[in-house]
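Peer 1: sequence? don't have it. structure:
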């Protein structure tokens, strides 16, 4: 995390972004006033001193003040992430469960029309950008069929605190559907390939010789051997989930952390952009940590090895 923080800060500091120019937004000020602002933002301070103060403030939980929202960066991130958390959680769960089940069905029926259909879908969806998939879903279900609202987190003119559950949930369906459809392709193909390898192994051939077949064979010998790798891949997809949310939220104008990251980048809000970079790194690290913890509860052999050690 320390390396990520320092590296990100140095990259943005070496960029042509001038925080004083961004703050003024074209307003005319005197040279003395501009000098005061440059002193406040530390424009002429040596890089090593900037890095030292940045890391010191970061350790204390101070990420600075957003130039867009005029509020502490940490407060902006918490507020926006609360809107994105439900979206990403639903998409992550759906893509994991549906992707795993599709992979098992395709692997069990290798070479059949079901397997071919699943592969065609996965190859097509992996080749398509998430924002394009979102626009396609938006046009079909919101514009042409009119089944769901076009976008936004709540109806226009309604405060988020005044919106009903149905008004909020109906605007969550299409972004969650987009992220789920995009995210299930990797887990589907990985599960399919792993199951095919397991079903062609020697111990499965021995099980077939004992009379096991069909779904009982997959359930008893296949799923148990492919579940842990699939869970690992799903937790490691946190980075793709966060990146996909950035594009999908922009398409549906969903007021979450993704749309905030785009706004911070386009409007050169360096403190907010740096805060989101740090937050995204933490998000990915948490995914890795949860994958390691899940091993302990899912696979009893890990507990036995620790006990024996």
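Peer 2: Perfect, I can see it now. As the structure is a computational prediction, the values presented were derived from the model and not from experiment.
Peer 1: ok, residue 11 to residue 17 distance?
Peer 2: 10 Å (Cβ to Cβ, to the nearest Å). Any C-beta I mention is one placed from the backbone N, CA and C, and that applies to glycine too.
Peer 1: which residues sit against the host helix or strand of residue 234?
Peer 2: If you go by DSSP states H and E, residue 234 is part of helix 223-236. With contacts defined as Cβ atoms under 8 Å, 6 or more residues apart in numbering, helix 223-236 is touched by 92, 95-96, 99-100, 103-104, 186-187, 190-191, 194-195, 198, 287-288, 290-291, 294-295, 298-299.
Peer 1: and those residues, which are buried?
Peer 2: 92, 95-96, 99-100, 103-104, 186-187, 190-191, 194-195, 198, 287, 291, 294 (16 or more other Cβ atoms under 10 Å).
Peer 1: Can you list which of the residues you listed are found in strands?
Peer 2: Counting by DSSP state E, no part of the buried ones among the contacts of helix 223-236 is found in strands.
Peer 1: What's the local residue count around residue 251?
Peer 2: Residue 251 has 22 neighbours, counted by other Cβ atoms under 10 Å.
Peer 1: Could you find the closest non-adjacent residue to it?
Peer 2: residue 134 (3.9 Å; Cβ to Cβ, 6 or more residues apart in numbering).
Peer 1: Report the separation between the one you found and residue 107.
Peer 2: On the measure of Cβ to Cβ, residue 134 and residue 107 end up 29 Å apart.
Peer 1: go on, residue 1?
Peer 2: For residue 1, the distance to residue 107 equals 38 Å [Cβ to Cβ].
Peer 1: helix or strand for the residue nearest to residue 251, which one?
Peer 2: Assigned by DSSP H and E, residue 134 belongs to helix 130-137.
Peer 1: So which bits of that helix are buried?
Peer 2: Neighbour counts over helix 130-137 (16+ other Cβ under 10 Å) mark 130, 131, 133, 134, 137 as buried.
Peer 1: so the third one touches residue 182, yeah?
Peer 2: Right, residue 133. Yes: using Cβ atoms under 8 Å, residue 133 is in contact with residue 182, at 5.8 Å.
Peer 1: which stretch of helix or strand covers the nearest residue to residue 8 once chain neighbours are set aside?
Peer 2: Leaving aside its chain neighbours, residue 8 sits nearest to residue 277 (4.8 Å; criterion: Cβ to Cβ, 6+ apart). Using DSSP H and E, the secondary-structure element containing residue 277 is helix 270-298.
Peer 1: Buried residues, that helix. List them.
Peer 2: 270-281, 283-284, 287, 291, 294.
Peer 1: Next, the angle helix 223-236 makes with that helix.
Peer 2: Here the directions of helix 270-298 and helix 223-236 differ by 170 degrees (axes from the mean of the first three to the mean of the last three Cα atoms, to 10 degrees).
Peer 1: next one: helix 270-298 to chain centre, how far?
Peer 2: Taking Cα atoms, centre = their mean, to the nearest Å, one finds the center of helix 270-298 at 10 Å from the center of the full chain.
Peer 1: again, but for stretch 55-69
Peer 2: 23 Å.
Peer 1: Which neighbours do residue 133 and residue 182 have in common?
Peer 2: Joint contacts of residue 133 and residue 182 (Cβ under 8 Å, 6+ apart) are residue 125.
Peer 1: hang on, residue 17 in a helix?
Peer 2: No: if the criterion is DSSP: H, G, I helix; E, B strand; the rest coil, then residue 17 is coil and not within a helix.
Peer 1: now residue 246, what's its secondary structure?
Peer 2: Going by three-state DSSP: residue 246 is helix.
Peer 1: contacting residues for it?
Peer 2: Counted by Cβ under 8 Å, 6+ apart, residue 246 has contacts 258, 259, 261, 262.
Peer 1: just the buried members of these?
Peer 2: Buried subset of those (neighbour count, 16+ other Cβ under 10 Å): 258, 259, 261.
Peer 1: before we move on, which element is the second one in?
Peer 2: Applying DSSP H and E as the criterion places residue 259 in helix 257-266.
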